[in-house]
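>>> What follows is a predicted protein model with its sequence.
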Amino acid sequence: QKEVEQNSGPLSVPEGAIASLNCTYSDRGSQSFFWYRQYSGKSPELIMSIYSNGDKEDGRFTAQLNKASQYVSLLIRDSQPSDSATYLCAVNPGNTPLVFGKGTRLSVIA
Amino acid sequence: SQTIHQWPATLVQPVGSPLSLECTVEGTSNPNLYWYRQAAGRGLQLLFYSVGIGQISSEVPQNLSASRPQDRQFILSSKKLLLSDSGFYLCAWSVSVRGSEQFFGPGTRLTVL
């Protein structure tokens, strides 16, 4: 069974710090990886996608992928209270729809 | 640009009553469509997905069903709701099942009493 694992948190970081969110996946053939942000009571919003090993930066967000270790991470620099949300990791194993992790709840303390 | 709509936004239904939730997508053709349920404090559970009109794949056996009567319309139904059907129902679309990201609608919050 294809699985995506995330620490449920909550992960608490002070305002201005770097928040590091991690995700591991079981299907070694996975090719596409996504991070979604979900505010309480709202639907998930796509914030990052990554397809090849290494880092991908977009503003304050950096996604990191290591296919050999089956590991994806999301770094949020200069964390703001508005970043407080649940972050979902999603992996596309190839022939089936996205598999989502259960999410990590991030709390940024002002 | 593409837009995905869901209605109603909130719904309170008694146990044993029927259910019909609708999702429509604008601005794209031949989307792949998905229904998810998110129970309180839980992860996303994929219920159904569809790659075309009349084509439905069921991921979890339960008292729910889905239909896709038109290219950009996806409907989630139940003949008799259970208490355990309460949750946040999300519709999503993607360009393809393989490799592409999904975009979510605003969701329907269903409470079964």
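All right, it came through fine. Remember, predicted model here, so these are calculated numbers, not experimental data. Numbers count the residues shown, from 1 in each chain, chains lettered A, B, ... in the order given.
>>> What's the local residue count around the residue lying closest to residue A:51 once chain neighbours are set aside?
The shortest distance from residue A:51 to any non-neighbouring residue, by CB to CB, 6 or more residues apart in numbering or on different chains, is to residue A:32 (5.7 Å). Heads up, the C-betas are built off the backbone N, CA and C, glycines and all. As a burial measure, residue A:32 scores 17 neighbours (other CB atoms under 10 Å in any protein chain shown).
>>> do residue B:23 as well
26.
>>> Next, count neighbours for residue B:9.
Count around residue B:9 with other CB under 10 Å applied: 9.
>>> From chain A, how far off is the nearest residue to it once chain neighbours are set aside?
Counting by CB to CB, 6+ apart, residue B:9 lies nearest to residue B:108, which is 6.3 Å off, once chain neighbours are set aside. For residue B:108, the distance to chain A (CB to the nearest CB, to the nearest Å) stands at 10 Å.
>>> can you pull the contacts of residue B:108?
B:6, B:7, B:8, B:9, B:10, B:11, B:21, B:88, B:89 (CB atoms under 8 Å, 6 or more residues apart in numbering or on different chains).
>>> quick one: the residue nearest to residue A:51 and residue A:48 touch, right?
No. Shown here, residue A:32 and residue A:48 do not form a contact pair, counting by CB atoms under 8 Å, at 11.6 Å.
>>> Quick one: residues contacting the nearest residue to residue B:85 once chain neighbours are set aside.
Once flanking residues are discounted, residue B:85 sits nearest to residue B:112: 5.2 Å by CB to CB, 6+ apart. Going by CB under 8 Å, 6+ apart, residue B:112 touches B:12, B:13, B:14, B:15, B:81, B:82, B:83, B:84, B:85, B:86.
>>> Widest-spaced pair of those residues?
B:12 and B:84 (15.5 Å; CB to CB).
>>> For whatever residue of chain A ends up closest to chain B, which non-adjacent residue is spatially closest?
When distances are taken as CB to the nearest CB, chain A reaches nearest to chain B at residue A:102, 3.6 Å away. Take residue A:102 and drop its neighbours on the chain: the residue closest to it by CB to CB, 6+ apart is residue B:43, 3.6 Å away.
>>> What's the local residue count around that neighbour?
With other CB under 10 Å as criterion, residue B:43 counts 16.
>>> That one reaches residue A:103, doesn't it?
Yes. Between residue B:43 and residue A:103 a contact is recorded at 6.2 Å, counting by CB under 8 Å.
>>> residues shared between the contacts of the two?
By CB under 8 Å, 6+ apart, residue B:43 and residue A:103 have these common neighbours: residue A:88.
>>> Near chain A, which residues of chain B are found?
Contact residues (CB under 8 Å from any CB of the partner chain) of chain B with chain A: B:32, B:34, B:42-44, B:46, B:49, B:90, B:94, B:97-107, B:109.
>>> need the residues of chain A near chain B, please.
Close to chain B, as judged by CB under 8 Å from any CB, chain A has residues A:31-32, A:34, A:41-46, A:49, A:88, A:90, A:92, A:94-98, A:100-103.
>>> Now that we have those, which of them are buried?
Neighbour counting by 16 or more other CB atoms under 10 Å in any protein chain shown classes A:32, A:34, A:43-44, A:49, A:88, A:90, A:92, A:97-98, A:100-103 among the residues of chain A next to chain B as buried.
>>> circling back to that earlier point, and the residue nearest to residue B:85, how far is that from chain A?
18 Å.
>>> Look up phi and psi at the closest residue to residue A:73 other than its chain neighbours.
Among residues not flanking residue A:73 along the chain, residue A:64 sits closest, at 4.5 Å (CB to CB, 6+ apart). Main-chain torsions, residue A:64, degrees, to the nearest 10: phi -130, psi 140.
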